[in-house]
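Student: A structural model of the following input is requested.
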Amino acid sequence: MYGADISNTHPDSRWQNEPGSTKANRFRVGAVADVVGRTALVTGGTRGIGAAIAKALRDADYAVAATYHGNDEAAEGFEAATGIPVFKWDVADDEACAAGVAQIAATLGPVEILVNNAGITRDAMLHKLSSEQWRDVIETDLTACFNMCRAVIPGMRKVGYGRIVNVSSINGQKGQLGQTNYAAAKAGLLGFTKALALESAAKGITVNAIASGYIATDMVAAVSRKILDGIVAQIPVDRLGRPDEVARAVLFLASDEAGFITGSPLTVNGGQYMT
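Tutor: The predicted structure follows:
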């Protein structure tokens, strides 16, 4: 269904230089955002925070694609319920990422907004953490961001426009017992975000991160009630966050209105950790 040949065409007329500009691909200050038809890709976009982000982008009139790697039935149900096309591949596989991005470009258009949301946990104290648990988390939560950005950045640089949002975590900022793998991956995302932002700013591409706190998702629901009560007690607003609250933050960073924000981690954690 989503297997057409990739097209290299792009409506370049949308990215014309500002009259008199000496630098390519400048945008007019105050220009109205033309999101209709812009293609947004959300990895891990069929459940939890990713699903909320995908639906928020769809509701804002982006052409949205969501990736998954796991439950086919659940993903097909998400597509049927939302109308958002889903694509299956392992984001830890660089060749699969390149092929998947090409497939989406052929189906919906070149990817102009990328949200790197896919992530897993394999928690254990370091002295009990296996090499496999380490690699699984690093590859899915960090290497996948490299794979996906590497697949879309040439096209973004060519047209002089792009929005990349990497979903990190409060635990990448402050650390967490039993999560050396996850904390390392999520902290790595923050450094990656800043470096790629520096590389891309002159090309009209912004790269930012969301450092989310504890959000009411299936992943958090798996935590024991006693531990969860202790977590909520540390959150000044006295509750878990909602997926739609993270989605609205992503939606802003994906917009033209956020064009002067790049290399920044936006914390969405109810005040639990302030930087």
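Student: which residues touch the worst-scoring helix or strand of the chain on mean pLDDT?
Tutor: Lowest by mean pLDDT, DSSP states H and E among the helices and strands of the chain is helix 218-221, with a mean of 81. Residues outside helix 218-221 that contact it (Cβ atoms under 8 Å, 6 or more residues apart in numbering): Arg47, Gly48, Thr121, Tyr214, Leu228, Leu240. Using the backbone N, CA and C atoms, a C-beta is placed for each residue, glycine as well.
Student: which among those gets closest to Cys145?
Tutor: Thr121 (16.1 Å; Cβ to Cβ).
Student: ok, now how distant is the closest one from Arg135?
Tutor: To Arg135, Thr121 is 14 Å away according to Cβ to Cβ, to the nearest Å.
Student: which of these two has more residues huddled nearby?
Tutor: Neighbours were counted for Thr121 and for Arg135 using other Cβ atoms under 10 Å; Thr121 has more, 19 against 14.
Student: sec struct for that one, please.
Tutor: Following DSSP: H, G, I helix; E, B strand; the rest coil, we place Thr121 in the coil state.
Student: so which strand or helix has the closest residue to it other than its chain neighbours?
Tutor: Spatial nearest neighbour of Thr121, chain neighbours left out: Tyr182 (5.4 Å); criterion: Cβ to Cβ, 6 or more residues apart in numbering. Using DSSP states H and E, Tyr182 falls within helix 180-200.
Student: can you spell out which helices and strands pack onto the helix or strand that that helix is followed by?
Tutor: Beyond helix 180-200 on the C-terminal side, the first helix or strand identified by DSSP H and E is strand 205-212. Under the contact criterion of 3 or more Cβ pairs under 8 Å, 6 or more residues apart in numbering; DSSP states H and E, strand 205-212 touches helix 144-159, strand 162-169, helix 170-174, helix 180-200, helix 243-253, strand 265-268.
Student: sorry, back to before: now do the least confident helix or strand of the chain: distance to the chain's middle.
Tutor: Remark: helix 218-221 is offset 19 Å from the chain centroid, using Cα atoms, centre = their mean, to the nearest Å.
Student: quick one on the thing from earlier: the inter-axis angle of the helix holding Tyr182 versus helix 144-159?
Tutor: 10 degrees (axes from the mean of the first three to the mean of the last three Cα atoms, to 10 degrees).
Student: pull out the CA atoms of helix 180-200 and give them to me as CSV.
Tutor: Extracted in CSV, the C-alpha atoms of helix 180-200 (Å, rounded to 0.1, in the frame of the first residue of the first chain):
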residue,chain,number,x,y,z
THR,A,180,22.0,3.7,33.3
ASN,A,181,21.2,2.6,29.8
TYR,A,182,18.0,4.8,29.4
ALA,A,183,19.5,7.8,31.2
ALA,A,184,22.6,7.6,29.0
ALA,A,185,20.6,7.4,25.8
LYS,A,186,18.3,10.2,26.7
ALA,A,187,21.2,12.4,27.8
GLY,A,188,22.9,11.6,24.5
LEU,A,189,19.8,12.9,22.7
LEU,A,190,20.3,16.3,24.4
GLY,A,191,23.9,16.5,23.2
PHE,A,192,23.0,15.3,19.8
THR,A,193,20.2,17.9,19.6
LYS,A,194,22.6,20.8,20.4
ALA,A,195,25.3,19.7,17.9
LEU,A,196,22.9,19.1,15.0
ALA,A,197,21.2,22.4,15.8
LEU,A,198,24.5,24.2,15.3
GLU,A,199,25.1,22.3,12.0
SER,A,200,21.7,23.1,10.7
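Student: how about that helix: buried residues?
Tutor: For helix 180-200, a neighbour-count test (16 or more other Cβ atoms under 10 Å) marks 180-190, 192-194, 196-197, 200 as buried.
Student: please apply the same query to stretch 41-61.
Tutor: 41-58, 60.
Student: kindly report the same for stretch 233-251.
Tutor: Per 16+ other Cβ under 10 Å, stretch 233-251 contains these buried residues: Ile235, Leu240, Gly241, Pro243, Glu245, Val246, Ala247, Ala249, Val250, Leu251.
Student: quick check: the fourth one touching Lys55?
Tutor: When you say that, I think you mean Pro243. No. Counting by Cβ atoms under 8 Å, Pro243 stays clear of Lys55, with 9.3 Å between them.
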